[in-house]
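Undergrad: The sequence and its predicted three-dimensional model are supplied below.
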Amino acid sequence: MPFTLEDRLAVAELIALHGHFVDDGELDRLDELFTADVVYDLTDFGQPPLSGVAAVREAALALGAANPVAHHVTNVVITSWTDDRAQVRSKGLGVRADGSCGSVSYQDTVVRTPDGWRISHRRIVLRRIPLGGLSEPA
């Protein structure tokens, strides 16, 4: 089955739904976002990658009040695709209860399943340095 405009829209909506589900506490719906065997890579946070939807849910619960109160996803770009798989980049902003915020980049692999598109691998990269670390000429 070819990758269509409808697929592009479904993938973009899938990426956007993560923030809604997490912010609304609908962690029982994470299986609508992720494959059962998802790899959720948190190594940029000094944590090992999580394996499976249950591990992602448990990690969110363990973080508790330290979770951002709002996850905003922007700049969704599908960088490559085949009929049943796509690579997706997006930006994320997390707003904490105290008003501070942080920025990440999501690097996702999404796959077509019988239930629709799902994220099978997500790498979260912290944004710490402007311009991707490019320094000004001396």
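TA: Yep, that arrived.

Undergrad: Looking at this structure, which helix is longest?
TA: helix 5-23 (DSSP state H).

Undergrad: Can you name the element that comes right after that one?
TA: Next helix or strand after helix 5-23 toward the C-terminus (DSSP states H and E): strand 34-41.

Undergrad: what is the mean pLDDT for whichever helix or strand comes after that following strand?
TA: Moving toward the C-terminus from strand 34-41, the first helix or strand encountered (DSSP H and E) is strand 50-51. Mean per-residue pLDDT for strand 50-51: 98.

Undergrad: starting at the chain centroid, how far to strand 50-51?
TA: 13 Å (Cα atoms, centre = their mean, to the nearest Å).

Undergrad: Packing partners of that strand?
TA: strand 34-41 (3 or more Cβ pairs under 8 Å, 6 or more residues apart in numbering; DSSP states H and E). C-beta coordinates here come from the backbone N, C-alpha and C atoms, glycine included.
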